[in-house]
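S.K.: Quick one, fold the following:
(2 chains)
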Protein chains: 2
Amino acid sequence: MKKIAVIGYGVIGKRVADAIALQDDMELTGVCDIISDWRIQNAVRKEYDIYAATAEAANKMKSEGISVKGSMQELLKKADLVVDCTPKKIAAKNVQIYKEKDIKYIVQGGEKHETTGHSFSAENNYKSAINLDATRVVSCNTTSILRTLTALKRADLLDYARGTLLRRATDPWESHLGGIMNTMVPERDIPSHQGPDAQTVDSDLDVVTSAVKVPETLSHMHYWNVKLKRQATKEEVLNALKTSSRIKLIQYDQGLVSNNTIKEMFLDMGRPWGDMYEVALWEDMLKVQGDELFYAYVVDNQAIVIPETIDAIRALTGIETDGAKSILKTNQSLSIA
Amino acid sequence: MKKIAVIGYGVIGKRVADAIALQDDMELTGVCDIISDWRIQNAVRKEYDIYAATAEAANKMKSEGISVKGSMQELLKKADLVVDCTPKKIAAKNVQIYKEKDIKYIVQGGEKHETTGHSFSAENNYKSAINLDATRVVSCNTTSILRTLTALKRADLLDYARGTLLRRATDPWESHLGGIMNTMVPERDIPSHQGPDAQTVDSDLDVVTSAVKVPETLSHMHYWNVKLKRQATKEEVLNALKTSSRIKLIQYDQGLVSNNTIKEMFLDMGRPWGDMYEVALWEDMLKVQGDELFYAYVVDNQAIVIPETIDAIRALTGIETDGAKSILKTNQSLSIA
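M.R.: Model (predicted):
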């Protein structure tokens, strides 16, 4: 059984750790961080092996009564692959260590494509990641773009796509850091970076995005204008979107009228943290007009990359060489219908 | 001197009244409402003649020490034209009265085009409004769409336009009514109504919009993807936009990075309520890519229709038959550069 280490036990790391623990073909060797407050208590409760990234952190953890299994170096010795979920600058430094130690690694979408030379999105390029030393799971917004546009492309419907991305200002638990109130803050550059980022996975995509921060913390919302290769029916478009198991078609007319109602539904469903791994796309709002397609969807920035990361682990370690099988297995473990 | 009455002294009415009072070729005969609280005190302070829309309202106003000049009927007798700024259902009822009394009237964008058979946007169709009995000044969002797209059309650059409209949830003073928090609420229908609404002024416009409410109260923000008739330079596009005196090109790089900073600048400028009559369009964010154009701008929903309403008064009363002259006169009175 391949041993997987998680470095960085934050918003993404804690979810990745839980998702790994749910799989029957890989093992969570341990989690590593520098925090010693309430956040790491979650790992204690779950009886994960906890490693300290620095000697100072180890002392602090011990003084808080946390049982420390060892140093980051000791964790890396045990692991076949490491998923790095640390903040930007730290991940870049860590990558040097993984390379020196010749350990396979996965970084998150905040890192540059060049860090690994491969960017991953399960439905797109699982195959090209098999047995690689490293990959980068693209960001939440980029993942959603790839899932939806690739579904349209598979049906040979996609000509080009232009999107407006309404970004949550900051994460729920970090509302005091980077939070904004009663205003909107555009990203300076049009096109914004998500279009080119999607092209690191599929260089053929003709996609342009603009992005703006809005004063909420729950999830992103995207509005898309897509030029189709030909006139199509709404049914054809929906059938194309249904070829992705990670797009969930939702109905505005069933009361799902906002980010917060969608969040509540996923909490109702018993998903941990109300996590939505799928792109939630409004079926009844979706409109086809001649060869143009208009739709909107919601992206849970904390959750959408979790199944992708599990698939990336399988690809890099070679546990599974069939992408479709990995996706199905991951979906079942996370209750993705 | 033409005598103008303002019915409804709310967010739009109080601004229209002030703007009329600033003109030297028309006269504010009085304002009429049913309110007797702090809101009408603003009209008292400004020494406007105050009329009561109902007998009950008249009594209430008197009991609050407000000097009531007369009834709505008495105001209408004195006026050559009435600007109706009341809420939706009330305006529809009032229109019957204006028609019976054969008095010219202007309604706001919340009303249907059919109410007047003419929809107004000064730079588009001033001429066709001259000496008409009635017109409708189109809504804030529609006004901004018409100004920008018409500028591109004048330069023969516009093929078609697709926009995402991020709408303020409610007005600042009404944040408790219709306000939303920490979420986004899409409009159910794509296309949203603003595209067809713009076509009531210019039926040739190929424009599709989607709209979503965001949790802020200051102003709307629009993101546009425009297909040009041909490849163009950024300079050509900017020159086209500069042909509208009511589009203000602003610089993100000068710190104007959000709705609230833009609002503060207009407050700094000494505009009443910090009103922004112009469409504030980010010049440095604007991007031309081949025959595609991308830009974003901000719309002050409380203020943008005020200069349009003044021009509409001139057109309907025939005070001025040259639209350009009216626009210039209005601009100067409101300090629009």
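
S.K.: ok, and the closest non-adjacent residue to the residue sitting furthest away from the middle of chain A?
M.R.: Residue farthest from the centre of chain A, counting by CA atoms, centre = their mean, is residue A:63 at 33.9 Å. In space, residue A:63 comes closest to residue A:36 once its chain neighbours are excluded; the distance is 7.7 Å by CB to CB, 6 or more residues apart in numbering or on different chains. C-beta here means a position set from N, CA and C on the backbone, and glycine is covered the same way.

S.K.: what's near enough to touch that neighbour?
M.R.: Contact analysis of residue A:36 by CB atoms under 8 Å, 6 or more residues apart in numbering or on different chains lists A:57, A:60-61, A:63-64, A:66.

S.K.: And it, how far from residue A:333?
M.R.: Separation of residue A:36 from residue A:333 (CB to CB, to the nearest Å) stands at 30 Å.

S.K.: quick one on the thing from earlier: a markdown table for the contacts of residue A:36, including distance to residue A:161 and pLDDT?
M.R.: Output for those, formatted as a markdown table (distance: CB to CB, whole Å; pLDDT from 0 to 100):
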| residue | distance to residue A:161 | pLDDT |
| --- | --- | --- |
| A:57 | 44 | 98 |
| A:60 | 48 | 98 |
| A:61 | 47 | 98 |
| A:63 | 53 | 97 |
| A:64 | 49 | 96 |
| A:66 | 47 | 97 |
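
S.K.: List phi and psi for the residue farthest from the centre of chain A.
M.R.: Main-chain dihedrals, residue A:63, degrees, to the nearest 10: phi -70, psi -20.

S.K.: separation between it and residue B:25?
M.R.: According to CB to CB, residue A:63 stands 80 Å off from residue B:25.

S.K.: go on, residue A:143?
M.R.: Counting by CB to CB, the gap from residue A:143 to residue B:25 is 60 Å.

S.K.: Which of those two has more residues huddled nearby?
M.R.: residue A:143 (30 against 15; other CB atoms under 10 Å in any protein chain shown).

S.K.: Please give me every residue in contact with that one.
M.R.: Residue A:143 makes contact with A:109, A:121, A:137, A:299, A:304-305, A:308, according to CB under 8 Å, 6+ apart.

S.K.: do residue A:46 as well
M.R.: Taking CB under 8 Å, 6+ apart, we find residue A:46 in contact with A:17-18, A:21.

S.K.: Can you check the pLDDT for it?
M.R.: Per-residue confidence (pLDDT) for residue A:46: 98.

S.K.: Break chain A into its domains for me.
M.R.: As given by automatic domain parsing, the domain ranges for chain A are A:2-137+A:305-333, A:140-299.

S.K.: got the end-to-end distance for the longest one?
M.R.: So that's domain A:2-137+A:305-333. One end of domain A:2-137+A:305-333 to the other measures 17 Å (CA to CA, to the nearest Å).

S.K.: and if you look at stretch A:96-113?
M.R.: From its first residue to its last, stretch A:96-113 covers 15 Å (CA to CA).

S.K.: Flag every buried residue along it.
M.R.: For stretch A:96-113, the neighbour count (16 or more other CB atoms under 10 Å in any protein chain shown) marks A:97-98, A:103-111, A:113 as buried.

S.K.: how about the helices of the stretch 151-300 of chain A, start to end?
M.R.: With DSSP state H, counting those that start in this stretch, the ranges of helices along the stretch 151-300 of chain A come out as A:194-199, A:234-242, A:259-268.

S.K.: now swap in the stretch 1-150 of chain A and tell me
M.R.: A:13-22, A:38-45, A:55-63, A:72-78, A:88-100, A:122-129, A:140-154.

S.K.: picking up where we left off before, determine which stretch of the helices of the stretch 151-300 of chain A is the most buried.
M.R.: Mean neighbours per residue, mean count of other CB atoms under 10 Å in any protein chain shown, is largest over those for helix A:194-199, with a mean of 22.

S.K.: hmm, back to that, with respect to burial, which of the helices of the stretch 1-150 of chain A scores highest?
M.R.: It is helix A:140-154: most buried of those by mean count of other CB under 10 Å, with a mean of 25.

S.K.: Burial check on residue A:273, number of neighbours?
M.R.: A total of 17 residues lie near residue A:273 under the criterion other CB under 10 Å.

S.K.: can the contacts of residue A:46 go into a markdown table with extra columns for distance to chain B and pLDDT?
M.R.: Shown next, in a markdown table, are the contacts of residue A:46 (distance: CB to the nearest CB, whole Å; pLDDT from 0 to 100):
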| residue | distance to chain B | pLDDT |
| --- | --- | --- |
| A:17 | 27 | 98 |
| A:18 | 25 | 98 |
| A:21 | 31 | 98 |
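
S.K.: Just give me the closest of those residues to residue B:80.
M.R.: Ranked by distance to residue B:80 (CB to CB), those are led by residue A:18 at 72.5 Å.
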